[in-house]
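K.L.:
Just need the structure, nothing else, for what follows:
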Amino acid sequence: MKLPSRTITAEDRHRVNEAIAAAESRTSAEVVAAVAGSSGRYDRPEDVVGLWLALVLLAGVWFVWPTPAQELGSWSETSHGWQLAAFAAAVVVGFVLGAVLGSKSWTLRRLFTPRVQMQEEVFARARQTFFDQRIHRTAGGSGLLIYVSLFERMAAIIADQSVLEKLGQPALDELCRQLTAELRKQSPIGAICDVARTAGDRLAAVLPRATDDVNELDDGLIVID
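P.N.:
Just a heads-up that it's a prediction; the model follows:
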């Protein structure tokens, strides 16, 4: 999977900027959008793939270099030193190769990462972005974050206190469901733009734009590799 900073174009950023500006032209809320390549480090796939590849190489060495049978009529001890060294080398080499493979392959990382862990990481990274980008510092407590994480194929909507009180959690959940439904049908940029417009429609009814309203946060798309 390519990093979002390499796939998101200037035209994409312009589309998001326009959609957010249009939404904020009708509401005092501050809408922010972010796209992340991945929300977590996910070490588990490296360990799991490394363990499995170590076992495969160990079995391969056992197959091509089995324990020698005791010679008929001999009671001398058979040395297993080289065989044990080969087993140990197979385990070490297999684990290292597997760990590298698990860290490079997005498919293996997704396959061996529990979905619950990905959900926790996406929500934690969305909240971190909410605070790092100072979305919680608007004068009216009216920040709204639309967050999309590409590796996990998950999204989150995080809102500040005023938006939560005026719009309600069920409406925010509905926005999140719309976002994930649009992500199944079109590009992340298109989905974000559509949800930003919907958010603007709903927020305009409960948090209308005032005549002296000031744009407190940048309307540009936040890209996190």
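K.L.:
now the helices for the chain?
P.N.:
4-7, 10-24, 44-64, 81-104, 106-111, 115-132, 161-167, 169-185, 188-206 (DSSP state H).
K.L.:
Against which helices or strands is the longest one packed?
P.N.:
Of the remaining helices and strands, those touching helix 81-104 by 3 or more Cβ pairs under 8 Å, 6 or more residues apart in numbering; DSSP states H and E are helix 44-64, helix 106-111. C-beta here means a position set from N, CA and C on the backbone, and glycine is covered the same way.
K.L.:
The helices of the chain: which one's closest to E152?
P.N.:
helix 115-132 (4.3 Å; Cβ to Cβ).
K.L.:
can you put the helices and strands packed on helix 81-104 in CSV and add distance to V31, mean neighbour count and mean pLDDT?
P.N.:
Output for the helices and strands packed on helix 81-104, formatted as CSV (distance: least, Cβ to Cβ, whole Å; neighbours: other Cβ atoms under 10 Å; pLDDT from 0 to 100):
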stretch, distance to V31, mean neighbour count, mean pLDDT
helix 44-64, 35, 16, 87
helix 106-111, 30, 15, 85
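K.L.:
could those go into a markdown table alongside distance to D12?
P.N.:
Below are those laid out as a markdown table (distance: least, Cβ to Cβ, whole Å):
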| stretch | distance to D12 |
| --- | --- |
| helix 44-64 | 30 |
| helix 106-111 | 21 |
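K.L.:
among the ones you listed, which is nearest G220?
P.N.:
Smallest distance to G220 across the helices and strands packed on helix 81-104 (Cβ to Cβ): 26.8 Å, for helix 106-111.
K.L.:
Show me what the closest one is packed up against.
P.N.:
On a contact count with 3+ Cβ pairs under 8 Å, 6+ apart, helix 106-111 meets helix 44-64, helix 81-104.
K.L.:
Would you format those helices as CSV with distance to R197 included?
P.N.:
Converted to CSV, the helices and strands packed on helix 106-111 look like this (distance: least, Cβ to Cβ, whole Å):
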stretch, distance to R197
helix 44-64, 37
helix 81-104, 38
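K.L.:
who's the residue nearest to L172 when sequence neighbours are not counted bridged to?
P.N.:
In space, and not counting its chain neighbours, L172 is closest to I157: 5.1 Å by Cβ to Cβ, 6 or more residues apart in numbering. When assigned by DSSP bridges, I157 has beta-bridge partners I146.
K.L.:
is it true that I157 touches L179?
P.N.:
Yes. Using Cβ atoms under 8 Å as the test, I157 is close enough to L179 to be in contact (6.8 Å).
K.L.:
just so I know, which of the helices and strands packed on helix 106-111 lies nearest Q169?
P.N.:
helix 44-64 (31.5 Å).
K.L.:
Only the C-alpha atoms, please, for the closest one, written as PDB.
P.N.:
The C-alpha coordinates for helix 44-64 follow below in PDB (Å, rounded to 0.1, in the frame of the first residue of the first chain):
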ATOM      1  CA  ARG A  44       1.900  -9.000  16.200                       C
ATOM      2  CA  PRO A  45       2.000 -10.100  12.500                       C
ATOM      3  CA  GLU A  46       5.800  -9.900  12.500                       C
ATOM      4  CA  ASP A  47       6.000 -12.400  15.500                       C
ATOM      5  CA  VAL A  48       3.300 -14.700  14.000                       C
ATOM      6  CA  VAL A  49       4.800 -14.900  10.500                       C
ATOM      7  CA  GLY A  50       8.300 -15.200  12.000                       C
ATOM      8  CA  LEU A  51       7.200 -18.100  14.200                       C
ATOM      9  CA  TRP A  52       5.400 -20.000  11.300                       C
ATOM     10  CA  LEU A  53       8.400 -19.600   8.900                       C
ATOM     11  CA  ALA A  54      10.800 -20.800  11.700                       C
ATOM     12  CA  LEU A  55       8.700 -23.900  12.100                       C
ATOM     13  CA  VAL A  56       8.600 -24.500   8.400                       C
ATOM     14  CA  LEU A  57      12.400 -24.200   8.000                       C
ATOM     15  CA  LEU A  58      12.900 -26.400  11.100                       C
ATOM     16  CA  ALA A  59      10.700 -29.100   9.600                       C
ATOM     17  CA  GLY A  60      12.600 -28.800   6.300                       C
ATOM     18  CA  VAL A  61      15.900 -29.300   8.000                       C
ATOM     19  CA  TRP A  62      14.500 -32.300   9.900                       C
ATOM     20  CA  PHE A  63      13.300 -33.800   6.600                       C
ATOM     21  CA  VAL A  64      16.700 -33.400   4.700                       C
END
